[in-house]
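Asker: sequence unknown, structure follows:
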């Protein structure tokens, strides 16, 4: 550029002042000076920006080095190793932390075969499946399995990985981490063992409370039935009848929304409560040997509402008890009839809770078979006839069908618990 300026100056001097060549030479000289000035300013600005960018890059580089050092330190503390697998060459690379996890010499020849040898025998099939998942380009995944180290020591590891693909879209490399979680696994197993033990203790205590509650309920019910001159085995038998009917309904898929294992246990436990309200009936009515007058029968019918109100007062204090709720249904509605002619509400058909419909049939069968001061007990065959006649009137038709299919089981329950047997 300096040589061009000198030549241009010589040209201006040689030209005649005022001539066209002179003017042209002067303009060219001016343009060159402007270009030189702009070029100098641009170079200066570029140099300043280069210096600034260099400073920023140096700062960022130091920050990255510091961040990378912190990451490596954190991985060392958490025992998290890095690894990378080339799926085409089967070449495996891993970090120093992974050497610590595997307890291997960094100078050793480390490859897939070596790693597979470290896997616990029972977990080798899982690791083979993981390797297959990697080759198939599986989405980010994580697994836990065991390693078997020297001295038959077991170490738990947690791996995470993600596959990257080549330009054809085929899995090419897998990047992942591996973490030693042995200590956490020991704590987890101890906690699981403790929770299992705690669950057993809770179940044991619940069972003890349940047994205690049922013993108290049975004692109260037997006390009330002793006033009615009925055998205490009545509550035992009706409880077994109810369980039998509920289980058969469950097996055939009837009332799926209502009947499950909890319902079966609930109705078995709650059925003894069905006549608890009789404790509120005067002896003159309850113990009368002959037929009740219409007025006396109205008094007798109140045992359903008395029992219901008694259990309702308990339910207010224990709203989560399914046992009490089933007991309330049975106590109030076990004298309702399928055709709507029962009491106390005159409910009809499906309006009557299924628990009460089951109780109604169980209660009537046992009442027919049992001896009372005012009657002799019916035979099993005669009881079957009476219940069959009540199908669709007194009783749920489906329940009568289930009863007739299993009548021998009802007979066995009665025979087993009557006459002191």
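Answerer: Here it is on my side, so go on. Remember, predicted model here, so these are calculated numbers, not experimental data. Numbers count the residues shown, from 1 in each chain.
Asker: from here on, contacts and neighbour counts on C-alpha atoms
Answerer: Fine.
Asker: give me the helices and strands touching the helix or strand harbouring residue 249, please.
Answerer: When elements are assigned from DSSP states H and E, residue 249 belongs to helix 233-251. Secondary-structure packing of helix 233-251 (3 or more C-alpha pairs under 8 Å, 6 or more residues apart in numbering; DSSP states H and E): helix 182-227, helix 261-270, helix 354-369, helix 397-405, helix 407-417.
Asker: can you rerun that using 6 Å?
Answerer: Helices and strands touching helix 233-251, by 3 or more C-alpha pairs under 6 Å, 6 or more residues apart in numbering; DSSP states H and E, are helix 261-270.
Asker: and the contacts of the helix it packs on?
Answerer: Defining contact as C-alpha atoms under 6 Å, 6 or more residues apart in numbering, one finds that helix 261-270 is touched by 239, 243, 246, 323, 327.
Asker: helix or strand right after it?
Answerer: Downstream of helix 261-270 (by DSSP H and E), the next one is helix 283-286.
Asker: residues of that next one that come out buried?
Answerer: Of the residues in helix 283-286, those buried under the neighbour-count criterion (16 or more other C-alpha atoms under 10 Å) are 285-286.
Asker: for the stretch 51-200 of the chain, what spans make up the strands?
Answerer: With DSSP state E, counting those that start in this stretch, the ranges of strands along the stretch 51-200 of the chain come out as 80-86, 92-94, 141-149, 153-165, 171-180.
Asker: confidence score at residue 288?
Answerer: The predicted structure scores residue 288 at 82 on the pLDDT scale.
Asker: count of neighbours near it?
Answerer: Number of residues near residue 288 (other C-alpha atoms under 10 Å) recorded here: 14.
Asker: that one falls within a helix, correct?
Answerer: No - using DSSP: H, G, I helix; E, B strand; the rest coil, the assignment for residue 288 is coil, not a helix.
Asker: ok, the closest residue to residue 160 other than its chain neighbours to residue 335 distance?
Answerer: Take residue 160 and drop its neighbours on the chain: the residue closest to it by C-alpha to C-alpha, 6 or more residues apart in numbering is residue 142, 4.3 Å away. Between residue 142 and residue 335 the distance is 61 Å, computed by C-alpha to C-alpha, to the nearest Å.
Asker: so the two - more neighbours on which side?
Answerer: When neighbours are counted by other C-alpha under 10 Å, residue 335 comes out ahead of the other of residue 142 and residue 335, with 27 against 14.
Asker: which SS state does the more buried one fall under?
Answerer: Relying on three-state DSSP, one would call residue 335 coil.
Asker: low pLDDT regions in the stretch 1-150 of the chain?
Answerer: Counting by pLDDT under 70, the stretch 1-150 of the chain contains low-confidence ranges at 1-79, 109, 139-140.
Asker: and residue 306, how close does it get to residue 251?
Answerer: In terms of C-alpha to C-alpha, residue 306 sits 34 Å off from residue 251.
Asker: same drill for these two, tell me which one is more crowded.
Answerer: A direct count of neighbours by other C-alpha under 10 Å for residue 306 and residue 251 places residue 306 higher, at 20 against 12.
Asker: for the residue nearest to the more buried one when sequence neighbours are not counted, give me its contacts.
Answerer: The spatial neighbour of residue 306 that comes closest, neighbours along the chain excluded (C-alpha to C-alpha, 6+ apart), is residue 277 at 4.9 Å. Taking C-alpha under 6 Å, 6+ apart as the contact definition, residue 277 lies against 303-304, 306-307.
Asker: take those residues and keep only those in strands.
Answerer: Among the contacts of residue 277, no member is found in strands (DSSP state E).
Asker: min pLDDT across these, which one?
Answerer: Confidence by pLDDT is poorest for residue 307 among the contacts of residue 277, given 88.
Asker: pull the contacting residues for that one.
Answerer: Applying C-alpha under 6 Å, 6+ apart to residue 307 gives the contacts 276-277, 331.
Asker: what does residue 330 give?
Answerer: Listed by C-alpha under 6 Å, 6+ apart, the contact set of residue 330 reads 274, 356.
Asker: one more time with 7 Å, if that's ok
Answerer: When the contact criterion is C-alpha atoms under 7 Å, 6 or more residues apart in numbering, the partners of residue 330 are 271, 274, 355-356, 359.
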